[in-house]
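Enquirer: When you get a sec, could you give me coordinates for this:
(chains A and B)
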Amino acid sequence: MAALAAVTLLSLVGCATDEPAATPSGTASEAAGAGTGEQSKFFVQADYDNELALLAAAPTGPADKPWEQALNPTMVDTAKFKKPGPYKICFSNAGLNNPWRQVGFKTMQAEVEAQKSRIKEFVHVDAEGKDQKQIADINDLLGKGCSALIVSPNTTATLTPAVEAACSAGLPVVVFDRGVNTKCPVTFINPIGGYGFGHVGAEFVSQKMKPGGKVLALRILPGVDVLETRWSAAKVAFDKAKVDVVGVEFTDGDPAKTKKIVNDYLQRYGTIDGVWMDAGAVAVAAVEAFQDAGKPVPPINGEDQLDFLKIWKDKNLTAIAPTYPTYQWRTPIIAALRILDGQQVASPWKLPQPTVTRENLDSYLDPNMPPLHYAMCGCTDLPGYPQRWK
Amino acid sequence: MQTVQRAPMPLRILRSRAGGVLPILAILAVLLVLVAVRQPDFLAPPSLLSFLGRSAPIILLAAGQYFVIVSGEFDLSVGSLVTAQVVVAARLIDSDPSRTWPVVAVLLVGGAFVGLVNGLVTTRLRVPSFITTLGMFLILVGAVYLWSDGAPKGGLSEEFRRFGRRAFEDVPVLGRVPYALVVLLVVAALAVLLMRSDFGRTLVAVGDNPRTAELSGVPVWRTRTIAFVLSGLAAAVAAILLGGYSGVSFQAGAGLEFGAITAVVLGGVALGGGRGSVVGAMLGALTLELLFTLMNFYGVSGALRSTVQGAIILIAVAVSGLRFSSR
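Expert: The predicted structure is shown next:
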């Protein structure tokens, strides 16, 4: 009986980790103490150069509405999609499975409400993070008489054929956030991207920390393009600055695991002089690990999530927050309406990607918003603010 | 059981017969020596106490799991129960300090309720506890996902988080004593007292031979149901400490059920019930945590942890099987 129980238990140990958390979290620890390791196979030098150049580029469009701005835009003609309104806009969403997507989707809903004179119906289908469901969702939406289709793909390669099928059905398709491997959508909307994000954080940390200090890099999980690009740009910056990266660890986005990892490194090395993160979700946990260990918080980067901005301000941290702005959820609605009007739109539509710094921190930190809200939502002028986001 | 009652106190704790705590104490001592060699600073009171505080949740879960295992059942639902409780707490408190205590009460009642359901389904509907608690595990995971749309909402108040994060400062000699450690000591004392009471003896008897227990007038189903309730309560306390330690997380309790079962087995408690002590189970959890700390000091990848847990379950069960079959 006992032996049988043990065997069953073991097989359960195997399936207890079937969440995204299951990605091999060990590979990175081998790099511990051995610097930044091999460059990611997702790294593309030309894209990297392009994104770093975009960081310095001046956007076109209204200065107070970054979600309508575009960087170095190439305009495309959309006259063939022109039709009279009001419209039925359909949206196939990869998922709502993290706070970033929750804030983004609320922002999109508010944008729809702001445009309600021109949108008669907004159909949202949530793929719950599953490729197969999203393929079926897109297929279903094609038969629903949508005026335009917005897609936020779950994964790049798998969703490409579904998006191609939508394009060939003749309706205008707008893709945003993660991309697809086809040029058939009218436009692809996203901010500058991961290289820019990773570079800004890594450059700040290596400049602010004491020379020759030890850096701990915390990543969510391997193998996702938007996150791989962040790390690969950081790796380039750290290698160039010749800082000692003592560890590259995967946190699975879990605060408890993050705290344990940081604590482990503090015990192993005594001090850590800089922390770089590929996403801000667990930045507060990392800061807390230093506080709970009674150590000063070293230069660190987070993201524009309010819990991090708040602890940054309260504890006067040496910090920076590159962003992957949630205001990009407004743009697809605006783009779809412009396309249906027959107006030209930027394609690709590269949105600016602001950075929260010590200087502008106060303008982004609204203490009345919940801790998991993202400051860069561009939503303060939308209907239902702030209640809708609480 | 008679001999146990007559043995003087120190002997009773250290008895080296099957199910005793001597083997686990020996393993713990070896690990402590290895830690001392590698990282002597770790054994200084401040870092040792904070380690004990951090380990409190898994030790509590091991104690809860012990009650269920010694009565002859399993509880696989505790990990997801911890996650559910942390997510529920964040949403109910919503960063409002005044809701701290009511929510603590809600969590304790909720934990006991989940344990009660587990217990009744297992004992009254005669569903094997493996299946009952696996079902509860899935129900809780799904319910939390549905209720929260897949991303935690709200926030925990500082008042709630202090149980898992803060400490009594400036204690003479010791320095900083985490609240979590105090909670752990209180619960551990209660668990030991409970096991020395009539209920404790009944619980072990039920696990040892439910039929005999039934025939001698013990309400087996009620005893086992109470064991599940205790496990649920332990999970609630662990959730309060873990939520305090790390904040809201969807993975707060992921894998904890296996940690707890490994710890219980490592502590010399027989799977299938009837043998082992609650002190052994808690020491097993402590040993497991110390082993992971040691692995960290030696730079062993964290990914090996589940492999180590699996190996421990196999070895411990095999060893205890050999010990019992040879008598």
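
Enquirer: What parts of the stretch 101-250 of chain A come near chain B?
Expert: Applying C-beta under 8 Å from any C-beta of the partner chain, we find that the stretch 101-250 of chain A lies next to chain B at A:101-102, A:128-129, A:249. Placement of C-beta: from N, CA and C, glycine included.

Enquirer: What segments of chain A are strands?
Expert: Assigned strands in chain A, in chain order: A:75-76, A:87-93, A:119-126, A:148-152, A:173-176, A:187-191, A:214-219, A:244-250, A:274-277, A:300-301, A:319-322, A:345-346, A:349-351, A:355-356 (criterion: DSSP state E).

Enquirer: Please identify the buried residues of the longest one?
Expert: Of the residues in strand A:119-126, those with enough neighbours to count as buried (16 or more other C-beta atoms under 10 Å in any protein chain shown) are A:119, A:122-126.

Enquirer: and those residues as a markdown table, adding pLDDT?
Expert: What follows is the buried residues of strand A:119-126, written out as a markdown table (pLDDT from 0 to 100):
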| residue | pLDDT |
| --- | --- |
| A:Ile119 | 96 |
| A:Phe122 | 97 |
| A:Val123 | 96 |
| A:His124 | 96 |
| A:Val125 | 95 |
| A:Asp126 | 93 |
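
Enquirer: can you pull the contacts of the nearest residue in space to A:Met108 that is not next to it in sequence?
Expert: Distances taken as C-beta to C-beta, 6 or more residues apart in numbering or on different chains place A:Trp329 nearest to A:Met108, at 4.1 Å, with adjacent residues excluded. Contact analysis of A:Trp329 by C-beta atoms under 8 Å, 6 or more residues apart in numbering or on different chains lists A:104-105, A:107-108, A:111, A:176.

Enquirer: So which of these is the closest to chain B?
Expert: Comparing those against chain B with C-beta to the nearest C-beta places A:Phe105 closest, at 9.5 Å.

Enquirer: which one of the buried residues of strand A:119-126 is nearest chain B?
Expert: A:Asp126 (8.6 Å).

Enquirer: Apart from its chain neighbours, what residue comes closest to that closest one?
Expert: Nearest one to A:Asp126, counting by C-beta to C-beta, 6+ apart, is A:Asn93 at 5.2 Å.

Enquirer: all helices in the stretch 201-327 of chain B, in order from the N-terminus.
Expert: Under the criterion DSSP state H, counting those that start in this stretch, the stretch 201-327 of chain B carries helices at the ranges B:210-215, B:220-246, B:256-266, B:278-297, B:304-325.

Enquirer: winner for burial among these?
Expert: helix B:256-266 (a mean of 29; mean count of other C-beta atoms under 10 Å in any protein chain shown).

Enquirer: which helices and strands does that helix pack with?
Expert: On a contact count with 3 or more C-beta pairs under 8 Å, 6 or more residues apart in numbering or on different chains; DSSP states H and E, helix B:256-266 meets helix A:2-15, helix B:45-70, helix B:78-93, helix B:278-297, helix B:304-325.

Enquirer: mind checking how far the residue nearest in space to the middle of chain B is from A:Ile261?
Expert: Of all residues in chain B, the one closest to the mean position by C-alpha atoms, centre = their mean is B:Leu61, 1.6 Å from it. As for B:Leu61, its distance to A:Ile261 is 21 Å (criterion: C-beta to C-beta, to the nearest Å).

Enquirer: where does A:Gly213 fall, phi/psi-wise?
Expert: Here is the backbone geometry of A:Gly213 (degrees, to the nearest 10): phi -80, psi 180.

Enquirer: ok, now B:Glu169?
Expert: Torsion angles, degrees, to the nearest 10, at B:Glu169: phi -90, psi 160.

Enquirer: Next, the contact list for the closest residue to it other than its chain neighbours, please.
Expert: Once flanking residues are discounted, B:Glu169 sits nearest to B:Arg176: 5.9 Å by C-beta to C-beta, 6+ apart. Neighbour list for B:Arg176: B:46, B:49-50, B:167-170 [criterion: C-beta under 8 Å, 6+ apart].

Enquirer: same thing but at 7 Å, please
Expert: B:46, B:49, B:167, B:169 (C-beta atoms under 7 Å, 6 or more residues apart in numbering or on different chains).

Enquirer: Would you pull up the residue in the stretch 151-300 of chain A closest to chain B?
Expert: A:Ala256 (3.6 Å).

Enquirer: Hmm, that residue is touching B:Ala252, no?
Expert: Yes - at 6.0 Å, A:Ala256 counts as touching B:Ala252 under the criterion of C-beta atoms under 7 Å.

Enquirer: which residues are in contact with both of these two?
Expert: The contact sets of A:Ala256 and B:Ala252 overlap at B:242, B:246 (C-beta under 7 Å, 6+ apart).

Enquirer: re earlier: gap between the residue nearest to A:Met108 and chain B?
Expert: Distance of A:Trp329 to chain B, computed by C-beta to the nearest C-beta, to the nearest Å: 15 Å.

Enquirer: how close does that residue sit to A:Ser92?
Expert: As for A:Trp329, its distance to A:Ser92 is 14 Å (criterion: C-beta to C-beta).

Enquirer: try B:Phe168
Expert: 54 Å.

Enquirer: And those two? Which one has more around it.
Expert: Taking other C-beta atoms under 10 Å in any protein chain shown, B:Phe168 and A:Ser92 do not tie; A:Ser92 has more neighbours (31 against 14).

Enquirer: so what's the more buried one bridging to?
Expert: Beta-bridge pairing for A:Ser92 (DSSP bridges): A:Val125, A:Val151.

Enquirer: element containing the residue nearest to B:Ala236 when sequence neighbours are not counted, please.
Expert: Nearest residue to B:Ala236 in three dimensions, chain neighbours excluded: B:Gly111, at 2.9 Å (C-beta to C-beta, 6+ apart). Using DSSP states H and E, B:Gly111 sits within helix B:100-123.

Enquirer: which element follows that helix toward the C-terminus?
Expert: Counting by DSSP H and E, the next helix or strand C-terminal to helix B:100-123 is helix B:129-148.

Enquirer: If we go by neighbour counts, what in that following helix is buried?
Expert: B:129-130, B:132-134, B:136-137, B:140-141, B:144-145, B:148.

Enquirer: Now do the helices in chain A.
Expert: With DSSP state H as the criterion, chain A has helices at A:2-15, A:45-56, A:99-114, A:131-142, A:156-168, A:194-208, A:225-241, A:255-269, A:283-292, A:306-314, A:331-340, A:361-364.

Enquirer: hang on, the earlier thing: compare neighbour counts for A:Ala256 and B:Ala252 and give me the winner.
Expert: B:Ala252 (29 against 23).

Enquirer: Check the gap between the more buried one and B:Ala180 for me.
Expert: 15 Å.

Enquirer: And for A:Trp231?
Expert: 34 Å.

Enquirer: Next: A:Thr187.
Expert: Applying C-beta to C-beta, the value for A:Thr187 to B:Ala180 is 53 Å.

Enquirer: sorry, back to before: so who does the residue nearest to A:Asp126 touch?
Expert: By C-beta under 7 Å, 6+ apart, the contact list for A:Asn93 reads A:105, A:124-127, A:152.

Enquirer: between the contacts of B:Arg176, which is closest to chain A?
Expert: Out of the contacts of B:Arg176, the member with the shortest distance to chain A (by C-beta to the nearest C-beta) is B:Pro46, at 8.0 Å.
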